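**Q** Fold the stuff below for me.
(chains A, B, C and D)
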Amino acid sequence: MKYAYFPGCSLSSTGIEYEMSTQETAKALGMELWEIPEWNCCGASSAHLTDHLLALALPARNMAIAEEAGLDVVIPCAACYARCKAVELAVTESKEMKASIEEIIERKYEGKSKARALLDILANDIERAAIKEKVSHNLKGLKAACYYGCLLVRPQATGFDDLEDPQSMDRLLHNLGAETVDWAFKTECCGASHPTTKSEVGLKMMDRILAAAKEAGANCIVAACPLCLNNLDMRQGQAEKEYNQKYDLPVFYFTELTGLAFGVDPTKLGLNKHFVDAMGMVNQVLKADSRRGTA
Amino acid sequence: MSVNEVEQKWEPKILVFACNWCTYAGADLAGLGRLQYPPNARILRVPCSGRVNPQFIIKAFQRGVDGVLVAGCHPGDCHYTTGNYFTRRRFLLMRRLMEYMGMEPERLQNRWISGSEGPKVQQVITEITEEIRALGPNRKLRDDQWNN
Amino acid sequence: MEQLTLQIRNMAKEILKKGDAKVIIGWEKGNFWYVSTPAFIDKPEDAERLIWDEYCTNNLAKYLMGYKDLEGKVAIFVKGCDARGVNRLVQDKQINREKVLLIGLSCPGMKDEKKAQELGENAEIPLSKKCEECRYPDPVTFDLFIGEKKSQKKVKDSKDFSQVKEIEGMTPDEKYNKSAANYEKCLRCYACRNVCPACNCKDCIFDHSSKGWLGKANTVSDNMFFAMTRALHVAGRCIDCGECERVCPVNIPIMLMNNKMMQDINNLFGEYEAGLDPEDKLPLGSFEYSDPEEFM
Amino acid sequence: MKRVGVFVCHCGTNIAGVVDCAKVAEVAKDFPGVEYSVDYKYMCSEPGQEMIKKAIKDNRLDRVVVASCSPRMHETTFRKCVEGGGLNAYFVEMANIREHCSWVHMNEKEKATEKAIDLVKMAVAKVIKNAPLQKATIPVTDRALVIGGGIAGIQAAIDIANAGHIVDIVERDPSIGGKMAQIDKTFPTLDCSACILTPKMVEASSHPNINLITYSEIEKVEGFVGNFNVTIRKKARSVNMDVCTGCGVCMEKCPSKVDSEFELAMSKRRAIYTPFPQAIPNKPVIDRVNCTYFKTGKCGICQKVCMAGAVDYSQEDKFVVTRYGAIVVATGFELFDYSVYGEYGYGKYPDVITGLQFERLVNASGPTMGKIKRPSDHKEPKNVVFIKCVGSRDVAKGKSYCSKACCMYTAKHATLVSEKIKDSNVYIFYMDVRTAGKGYDEFYNRTREQYEANYIRGRVSKIYQKGDKLIVRGEDTLISRPVEVEADLVVLATAMVAQPDAAKLAQKIGIGYDKDDLYTEAHPKLAPVETHTQGVYLAGACQGPKDIPESVAQGSAAAAKVCGLLSKSEMLTEPIVSEVDERACAGCEMCVPICPYTAIEMKTISERVHGKMLERKVASVNSGLCQGCGACTVTCRSAAINLKHFTDEQILAEVNALCL
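**A** Numbering: from 1, shown residues only, chains lettered A, B, ... in the order given. Sure thing, here's the model as predicted:
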């Protein structure tokens, strides 16, 4: 399986664990990731609020390069994915739009090369068996609240799973031996863009999600978006203070857990880089597993 | 009389196929309302626009009409539920074929005119008459034995 | 092709011997090296007459009409265009698919017999026009097959309407003069109709001057009525085999009309290619509420 | 050669004031075939008509053209007139020189006269080719079929029966009554639904002219107006209706319990059951899917306990064919399946229920004896949220239309909650409040003011379980603020939709249905209960969402139509129908799908070809079904199918006349 790879800006900075774990997981699964040369920012959040055409042209350039190479594009970041998918649809739906985009990027983009979310591929493309056979460490003991975030499966057009109650990540984690909880906040906005500007709004939105996860009996949250994870992980402390709660819910990337289950060294997955301690739970799980192994 | 006299005396001859339930009734309504329009159109009554065979139109041009209007109920209002949907398909194609053969598009027109649209009858027939007048007499497809 | 010819003959013998079919429709060599004509074989020994060469241009489908009431099966050799012709007749309820045995042959594209006549035997003979533009050299339906299933002939992935576009670009008068010039030549010999698999009426309106559709006199006006009416009658049903144009003794570009209809049907009612699936709804035998609205 | 008479009418000055009628009559004399031509003040008047009749005799005329007003006005008049003159009624054509000429060209007398001449010329050319047509008479069977035993069907049946006609009601459920039987109270009067419905059910069942055919379905419908042959499938009841006394012992003793359809799965019924206590007929059926005996061959308790020996496991489905003159379709509606709404939890929250379930919860004979208890823990809810337009007015996930009754029944539910549960709070999320109807808006206002229901204008974006509460989140669009309600019970006003098999039934009967499978009326304004198939009428929600009064009204309307049809023993059919020239028909079947009335079917004919008999298929027109639109004629390449009175030849003659 060879894919063009679009990491997007955050994966080399705040989302470094996502990058590390994505690479490790891909390696383990024999996915070849060809990083798009000279890729540019997808323009998420800022661009499409200012200029519709620009917002499509930015990701279009990356997609075009991939198309020239004849590859579909795999994208870990939910925001980047949404933008790339948007342009793929835009050019296939309207000849006019295609023309004006191609004029800007001075490249052809037919929409032949498809934008694919990494989660979609892991959960829906790769055979259940193929995943299971790679699992060396069963993640039994994890009760994960799968958190898809607001724009991975929305809107219907760009999404690849149910809008209100998606299941892809749940399926993937089950294959890794983890439990997942049924909760109502899978696609609720985490307010990531508010805490700095309107913390009372942002933190409230976040607190809801943490509370709901706890109430549903989860002992960790699993995310598929660097911004969400950053928010839920880094600002969990603030939220706890604000509403004097105690959640201590580690927040994982689904790729970290996949890598972990495949037997990759936790530090190679960046599991030691979290704000809410993740290693503690990781070690528990690993210990429990080895115990089961010996027993 | 001389040729250009003929030309001067020439009046567009327009044949209108009108469905009995909508357009024909609409034309009656125009009458009741005394809505004046040019006397060039001759209305031929058919039960449904779906009854109008494109072959009639070619024949009409062969015989020497200068323009043809095929009119029926609006989509969804057909007295026979679906007749006008077939009319629409047939004439979307027919009009393109006529143009392709060299007929000016104005010479074959289609309209949806309901039984309540007297004013539309007036407006449409006026428009078409003027368009055809501007084009002049039709010689295309004309069968010479019908030279009048 | 010699090799295939032998297979064809053997298979034909077999079929007749076993009684799988009463008659076999194929091709045999005509009076000239550049002519192969339809052959109708009903005795095993006659199978030797059958051939397969680059002049088997005729679409055989229409000949099935002659065997409608035959008890037992008719076997027929089909290229791409013949097969679509058979589908046409099946969809028009003229023949029963169960009663015909289709023997598929993938077509390399046939040579232009008129050119051949001019250029002579050892010249390089070009493909005939219908084959140039053909996009289905391989039969779309068959029961048995002889030879390679995939033709070597390269085909365009979409139909070429450039000639139609060319005409559409002209002014009305230019258009009219062109079509009038074409149909001035028409003899109304009806060869185009007789060869056409889509022209399968029991009783053709052009045969009755009494009904008032068509006068007896051969006038440009009536010729054009004939041409346009026929174009409308085969619209959405023409299987694009180009036989009408090939057989026209005065070389009228008849496909210019049929292609126009095909193009517009695609644009107006969605891509459609007749003769691929006899179960399809006919473009002019159906409608969509969402059809383009121009009439207002 | 035909001998045509032309009669030009002045219509007082209406025509003569503009058109030179004398000239028209004069010129017409020279038209081919015209033997006699005259103008007169009022052709439609008594003397005018006499003049025509006389002219026919004196001049041996065999065709007549009247140049006057619109045929839509006087065609029948002059058809009668020429008939009186001894000609076939269809030997007259009219030239419309008033509406289409004198009235619209008042200032162009000369041109108007020319046009009038042309119009007469066309009419003459056509009339020469007119063939004699006879209105056929077909017998009308004096028996009506009502499909569906809901309130609309019951009302229709009673009215038809009272007019003295025999009516059969076919109901697929074991009892008549329909949805109304499940409803607790009716708006705006709040009188009990059962109290007003059951008398009607009883009246229907005891009426000498009405036969109830319950637990039965329509299998096949053939024939046409006045003569429908309907095959009815009587499902095996496993209970002999003639001997069963309806004592109910079997139902008490039956060991296998299953969800009750009538109670919407909120309580159990037995495998041998009547759907509800007031069921009519009040005799049980065995639900074979869930019956232990039919599943395992053991049990048989009901048979043992039945004193009358009515239980009969050996019964089989029966098919009966009956002939009807008219059919009323009153198959009603189903409720929209709201589980497509993820925001409402895909139906996984037990305390999110539908309005109809709520009806059962407040109903004294319902699963909770009329006490409002929520399904999950049978606690009495304090905060109740109602959400309107669930599946209605939602192009994305539901139906584009408004279900019409929801605004009112939600208001009704709100009042019932606050009447039955003191210190309860009611919240109603709505898009618009539509309460058109007598006493309706007043009711809605009472609900707001007197019962203090909180109406919140906005959609609900999410419902989720938090402890034993349902958190309902939405937006109040009037103050554009998010709102959150901690609810104990959520009631959804789900859309009224067509029965799942509505389209199938429509195809059996041959009536039209729209994109939502609702049956289409012949005309949205002027023929709201007729269908395009003569003799078939619509009543109730199968044609579109309706409340009870509307359904009842339409039931009576349909009944009136049926009575009009059945009041005669014979009916005339319009002779202007298509006909097939079998010699020319190639049997391509192109015309068959075009016909909106399924009037064209293929038939096999045998003919002698070269001395041997051969069979082939040709189209044939059922003149009872054909309405004469002529759409088929254009699809026939060989012009083998033609429309009488509007034949190709006639229309061509008019075209030619115009140009000669």
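
**Q** So which residues on chain D come close to chain A?
**A** D:342-343, D:345-346, D:462, D:464-467 (C-beta under 8 Å from any C-beta of the partner chain). Heads up, the C-betas are built off the backbone N, CA and C, glycines and all.

**Q** who touches stretch A:60-75?
**A** A:2-6, A:8, A:31, A:33-34, A:36-40, A:42, A:81, A:84, A:87-88, A:91, A:101-102, A:104-105, A:107-118, A:121 (C-beta atoms under 8 Å, 6 or more residues apart in numbering or on different chains).

**Q** Please indicate which of these are buried?
**A** Buried members of these, counted by 16 or more other C-beta atoms under 10 Å in any protein chain shown: A:3-6, A:8, A:31, A:33, A:36, A:39, A:42, A:81, A:84, A:87-88, A:91, A:101-102, A:105, A:109, A:111, A:113-118, A:121.

**Q** show me where the stretch 151-296 of chain C has helices.
**A** Taking DSSP state H, counting those that start in this stretch as the test, the helices found in the stretch 151-296 of chain C are C:162-168, C:172-184, C:191-195, C:220-234, C:243-247, C:255-269.

**Q** Would you confirm that residue D:222 contacts residue D:323?
**A** No - taking C-beta atoms under 8 Å as the definition, residue D:222 is not a contact partner of residue D:323, at 9.8 Å.

**Q** And residue C:5, which helix or strand is it part of?
**A** Per DSSP states H and E: residue C:5 is located in helix C:2-18.

**Q** Now do that helix: which elements does it pack against?
**A** strand C:23-29, strand C:74-78, strand C:100-105, strand C:144-146 (3 or more C-beta pairs under 8 Å, 6 or more residues apart in numbering or on different chains; DSSP states H and E).

**Q** Identify whichever of those strands lies nearest to chain B.
**A** strand C:74-78 (29.6 Å; C-beta to the nearest C-beta).

**Q** Residues touching the closest one, excluding its own?
**A** Residues contacting strand C:74-78 (C-beta under 8 Å, 6+ apart): C:8, C:12, C:15, C:20-27, C:50, C:52, C:60-61, C:63-64, C:67, C:82, C:85-86, C:99-105, C:139, C:141-142.

**Q** and if you look at stretch C:132-149?
**A** C:4, C:7-8, C:11, C:78-84, C:86-87, C:101-109, C:131, C:150-151, C:153, C:155-156, C:159-160, C:240, C:242, C:275-276.

**Q** Using neighbour counts, give me the buried entries of those.
**A** Buried by 16+ other C-beta under 10 Å: C:4, C:8, C:11, C:78-84, C:86-87, C:101-109, C:131, C:151, C:153, C:240, C:242, C:275, out of the contacts of stretch C:132-149.

**Q** Tell me the pLDDT of the residue in the stretch 51-200 of chain A that chain B sits nearest to.
**A** Closest to chain B within the stretch 51-200 of chain A is residue A:95: 21.5 Å, counting by C-beta to the nearest C-beta. Looking at residue A:95, its pLDDT reads 89.

**Q** Compute the number of surrounding residues for it.
**A** Per other C-beta atoms under 10 Å in any protein chain shown, the neighbour tally for residue A:95 reads 8.

**Q** how about it, phi and psi?
**A** When read as degrees, to the nearest 10, the backbone of residue A:95 gives phi -60, psi -40.

**Q** What parts of the stretch 451-600 of chain D come near chain B?
**A** Going by C-beta under 8 Å from any C-beta, the residues of the stretch 451-600 of chain D near chain B are D:512, D:520, D:532, D:576, D:594, D:596.

**Q** ok, now which ones touch the first one?
**A** Contacts for residue D:512 were tallied using C-beta under 8 Å, 6+ apart; they are B:81, D:506, D:519-520, D:531-532, D:596.

**Q** Leaving out chain neighbours, which residue sits closest to it?
**A** residue D:520 (4.0 Å; C-beta to C-beta, 6 or more residues apart in numbering or on different chains).

**Q** show me the contacts for the one you found.
**A** B:81, D:511-514, D:531-532, D:543.

**Q** how about 7 Å then?
**A** D:512-514 (C-beta atoms under 7 Å, 6 or more residues apart in numbering or on different chains).

**Q** same question, residue C:255
**A** C:242, C:245.

**Q** how far away is it from residue D:634?
**A** For residue C:255, the distance to residue D:634 equals 25 Å [C-beta to C-beta, to the nearest Å].
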